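Peer 1: here is a sequence together with a model predicted from it:
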Amino acid sequence: MKVVVLYHPESDHARSVLTFQRDFERLSSKPVQLLSLETPEGDAQARLYGVTQYPAVIICSDNGEVLKFWEGELLPQISEVISYIL
């Protein structure tokens, strides 16, 4: 399983995304992949998953299937995200 966060690095929500990443990785020992929407890869991922609000936290299985995602400035609780990957 992997956790991906799509976001705009030069936005008001960038700091909360970086805090989420740091805290999540510290508590779960699992990495968070940050993807900038200003990159071709980030834009492609947003289109693939139909994301319309940012930041977006996406949990994917190893084969790319979306298990859960959240959109908008209110990030999910870390414990909720961890429950999907354990």
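Peer 2: Sure, I can see it.
Peer 1: tell me the buried residues in stretch 63-81?
Peer 2: Across stretch 63-81, burial judged by 16 or more other CB atoms under 10 Å covers 69-71, 75-76, 81. Backbone N, C-alpha and C define where each C-beta goes, glycine included.
Peer 1: so what touches it?
Peer 2: With contact meaning CB atoms under 8 Å, 6 or more residues apart in numbering, stretch 63-81 is reached by 1, 3, 12-13, 16-17, 20, 23-24, 27-28, 49, 51-61, 84.
Peer 1: what subset of those is buried?
Peer 2: Looking at these with 16+ other CB under 10 Å, the buried ones turn out to be 3, 13, 17, 20, 24, 28, 49, 51, 54-60.
Peer 1: so of those residues, which ones are in helices?
Peer 2: Within those, residues falling in helices by DSSP state H are 17, 20, 24, 28, 49.
Peer 1: OK, contacts around residue 13?
Peer 2: 7, 54-55, 73.
Peer 1: touching, residue 2 and residue 34? I think so.
Peer 2: No. Between residue 2 and residue 34 there is no contact under CB atoms under 8 Å: 11.8 Å.
Peer 1: these two: who's more crowded?
Peer 2: A direct count of neighbours by other CB atoms under 10 Å for residue 2 and residue 34 places residue 34 higher, at 18 against 14.
Peer 1: just grab the bridge partners of that one for me.
Peer 2: residue 5 (DSSP bridges).
Peer 1: could you verify my assumption that residue 85 touches residue 4?
Peer 2: No. Between residue 85 and residue 4 there is no contact under CB under 8 Å: 11.8 Å.
Peer 1: between these two, what contacts are shared?
Peer 2: Common neighbours of residue 85 and residue 4 (criterion: CB under 8 Å, 6+ apart): residue 59.
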